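Asks: Okay, predicted coordinates and the sequence, questions at the end:
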Amino acid sequence: MWNYEKRLQYPVKITQTNPKLAQIIISQFGGPDGELAASMRYLSQRYTMPYKEITGVLTDIGTEELAHMEMICAIVYQLTKDLTPEEIEKSGFGPYYVDHTLALWPQAASGTPWTATVFQSKGDPITDLHEDMAAEQKARTTYDNILRLVKDPEVCDPIRFLREREIVHYQRFGESLRIVQEKLDSRNFYAFNPAFDK
Amino acid sequence: MSSQMNRQELLNHINQASFAVDDVKLYLDTHPCDTDALSFFREYSRQRNELLKEYAKVYGPLTIDTADISCRDRWDWVNEPWPWQEGGC
Ligand SMILES: [Fe+2]
């Protein structure tokens, strides 16, 4: 069960539209290392996680990623609000506009639709946590790439907040991996899969 | 104290207290026996709940659990702006 809170985790107040930038930032909505994939990854993996602390981490980070998705959508929405046909034409926003007008739709910056094939839910705690740590670093790199292209401080500010959270999540997943390994045979972590072998 | 705050100030306090709760919650998931972190959580969680009630009373609810506090005759949950809109949170 989820409860909606009618506020963003960190404020997004953008006063200047910039459809070119929106087309880049939308990758963190529906791209391969975006927030939607992050949330679906953790919220899918948690059911078979045999350790309660880590089920908690997956649930709570998976929930926070939904809030990040909402921030990214707010950024894209505000960057494209009330665009005129002339602005759409000269900014190169036309291909997106023809399919979605000014609505939000999960796609990568390249235009590739969001797909579950960008993440794995493998049902082995060590494997899943390595995937999760890599995912947080990939998201961090994406934010670093975005930040090199952003000049507007109103856009930089929430993007920096999101980047910072990837680092914290990476840290928590690293601790989760350590917790899993402590519960396994230190001479062979791979002797059995604690989510499957009894 | 909070009755003197304007809407933006109150909202900033809610965001700060809520962020403290979000962050320490993840830490506590992997450090469930850290008593300092636990008292940090209790303090900010208490602040957050009070501030959310205060906000609901004056400006409308941010959560469904505080929607019964704003006692106007209309459904404020939809009448106040959504977070991505102008004037939203
Ligand atoms: Fe993350």
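Replies: Happy to help now that I have it.
Asks: Which positions in chain A make contact with the ion?
Replies: For chain A, the residues in contact with the ion (C-beta under 5 Å from the ion) are A:166, A:169. Every C-beta, even on glycine, is put in place using the N, C-alpha and C of the backbone.
Asks: can you rerun that using 6 Å?
Replies: Proximity of chain A to the ion, by C-beta under 6 Å from the ion, involves residues A:38, A:65, A:136, A:139, A:165, A:166, A:169.
Asks: Ramachandran coordinates for the fourth one?
Replies: Translated: residue A:139. With angles defined as degrees, to the nearest 10, residue A:139 sits at phi -70, psi -40.
Asks: likewise the second one?
Replies: Summarising the backbone geometry of residue A:65 under the convention degrees, to the nearest 10, its torsions are phi -60, psi -30.
Asks: Might you report the residue contacts of it?
Replies: Taking C-beta atoms under 8 Å, 6 or more residues apart in numbering or on different chains, we find residue A:65 in contact with A:35, A:36, A:38, A:39, A:42.
Asks: What of the last one?
Replies: Under the criterion of C-beta under 8 Å, 6+ apart, the contact partners of residue A:169 comprise A:61, A:64, A:132, A:136, B:26.
Asks: circling back: from the contacts of residue A:65, which is closest to the ion?
Replies: Among these, residue A:38 lies closest to the ion (C-beta to the ion), at 5.1 Å.
Asks: That closest one is in contact with residue A:135, isn't it?
Replies: Yes. Contact criterion C-beta atoms under 8 Å: residue A:38 and residue A:135 qualify, at 6.1 Å.
Asks: okay, these two: which has more neighbours?
Replies: Between residue A:38 and residue A:135, counting by other C-beta atoms under 10 Å in any protein chain shown, residue A:38 is the more crowded of the two (27 against 24).
Asks: Confirm that that one sits in a helix.
Replies: Yes. Under DSSP: H, G, I helix; E, B strand; the rest coil, residue A:38 sits within a helix.
Asks: Read off the pLDDT value for residue 51.
Replies: By default, I'm working from chain A. With respect to pLDDT, residue A:51 has a value of 97.
Asks: that's the other chain; I wanted chain B
Replies: At residue B:51, pLDDT is 98.
Asks: what's near enough to touch the residue sitting furthest away from the middle of chain B?
Replies: Distance from the C-alpha centroid of chain B peaks at residue B:33, with 25.8 Å (C-alpha atoms, centre = their mean). With contact set as C-beta under 8 Å, 6+ apart, residue B:33 has no partners.
Asks: Kindly report the same for residue A:150.
Replies: Contacts for residue A:150 (C-beta under 8 Å, 6+ apart) come out as A:21, A:156, A:159.
Asks: try 6 Å this time
Replies: With contact set as C-beta atoms under 6 Å, 6 or more residues apart in numbering or on different chains, residue A:150 has these partners: residue A:156.
Asks: For chain A, which residue gets nearest to the ion?
Replies: Residue of chain A nearest the ion, by C-beta to the ion: residue A:169 (3.8 Å).
Asks: I meant to write chain B there.
Replies: Ranked by C-beta to the ion, the top residue of chain B for proximity to the ion is residue B:26, at 10.2 Å.
Asks: Show me which helix or strand of chain B is least confident by mean pLDDT.
Replies: Sorted by mean pLDDT, DSSP states H and E, the helices and strands of chain B end with helix B:76-79, the least confident at a mean of 88.
Asks: Show me how far that helix is from its chain's centre.
Replies: Centroid separation for helix B:76-79 versus its chain: 17 Å, with C-alpha atoms, centre = their mean, to the nearest Å.
Asks: Just confirm the residue of chain B closest to the ion is within a helix.
Replies: Yes. Assessed by three-state DSSP, residue B:26 belongs to a helix.
Asks: Let me know how buried it is, in neighbour terms.
Replies: Neighbours of residue B:26 using other C-beta under 10 Å come to 21.
Asks: Contact partners for it?
Replies: Taking C-beta under 6 Å, 6+ apart, we find residue B:26 in contact with A:60, A:172.
Asks: what about it, distance to residue A:96?
Replies: From residue B:26 across to residue A:96, the span is 34 Å (C-beta to C-beta, to the nearest Å).
Asks: Please apply the same query to residue B:19.
Replies: According to C-beta to C-beta, residue B:19 and residue A:96 sit 32 Å apart.
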